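Colleague: structure for this input, please:
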Amino acid sequence: MKHHEPPPSPQPSPSRGEGANAKPKPIDESPFKGKTGLARVWNALFYSIDGFRAAFLHEDAFRQELLLTLICIPLALWLEPDAIGRALMIAALFLVLIVELVNSAIEAVVDRVSLEKNHLAKRAKDIGSAAVLLSLVNAAIIWTLVLSAP
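Modeller: Residues are numbered from 1 along each chain as shown. Predicted coordinates:
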């Protein structure tokens, strides 16, 4: 009877000095994952700036929604709703940008995996698009309710 060995683990062995019981690190884990405290916050700031830059350069919808936000924030301040209304109006605009960034990230990952047509890729992109639509409807409803309040 032939003995079959288990397939090799995709995890690398623990480093020297970590001991046999140390938890192995994933092969493709970012070398920056171990940063903590202010170093992590500092790195995250620059990753975020890179993300804004990428969205602005590569995503038409983000540029359009950013322009809408830059026009509507001064408008919200000029129309002088109460402080809560103003906060809701501005927060709704930021929510649109946030959801658009997440949608763009989903689209980029799906395209990175494969550019072939696939029903799951379409579903992921369509769901992300639906989230953006809901955030836009949410902003419109909030603006309408705040501005129509007596």
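
Colleague: which element is the residue nearest to residue 101 when sequence neighbours are not counted on?
Modeller: For residue 101, ignoring the flanking residues on the chain, the nearest one in space by Cβ to Cβ, 6 or more residues apart in numbering is residue 55 at 5.8 Å. For the C-beta atoms, the positions are set from N, CA and C on the backbone; glycine is no exception. Residue 55 is located in helix 37-58, with elements delineated by DSSP states H and E.

Colleague: list the contacts of that helix.
Modeller: 32, 35, 62-63, 66, 100-101, 104-105 (Cβ atoms under 8 Å, 6 or more residues apart in numbering).

Colleague: remind me which helix or strand the residue positioned nearest the centre of the chain belongs to.
Modeller: Centroid-nearest residue in the chain, with Cα atoms, centre = their mean: residue 102, separated by 3.3 Å. If you go by DSSP H and E, residue 102 is part of helix 83-113.

Colleague: same for the next helix or strand after that helix, what does it pack against?
Modeller: Per DSSP H and E, the first helix or strand lying C-terminal to helix 83-113 is helix 119-148. Judged by 3 or more Cβ pairs under 8 Å, 6 or more residues apart in numbering; DSSP states H and E, helix 119-148 is in contact with helix 83-113.

Colleague: what are the phi and psi values at residue 115?
Modeller: phi -90, psi 0 (degrees, to the nearest 10).

Colleague: and the pLDDT for it?
Modeller: With respect to pLDDT, residue 115 scores 88.

Colleague: let's number from 16 now, not from 1
Modeller: Okay, using 16 as the starting number, the last item reads as residue 130.

Colleague: count of residues packed around it?
Modeller: Counted with other Cβ atoms under 10 Å, residues neighbouring residue 130 total 9.

Colleague: pull the most distant pair out of the contacts of helix 52-73.
Modeller: Spatially, the most separated pair among the contacts of helix 52-73 is 50 and 78, at 31.4 Å (Cβ to Cβ).

Colleague: neighbouring contacts of stretch 82-91?
Modeller: By Cβ under 8 Å, 6+ apart, stretch 82-91 touches 101, 104-105, 108-109, 111-112, 158.

Colleague: buried ones only from those, please, as a ChimeraX command.
Modeller: Here is the ChimeraX command that picks out the buried ones among the contacts of stretch 82-91, judged by 16 or more other Cβ atoms under 10 Å:
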select :101,104,105,108,111,112,158
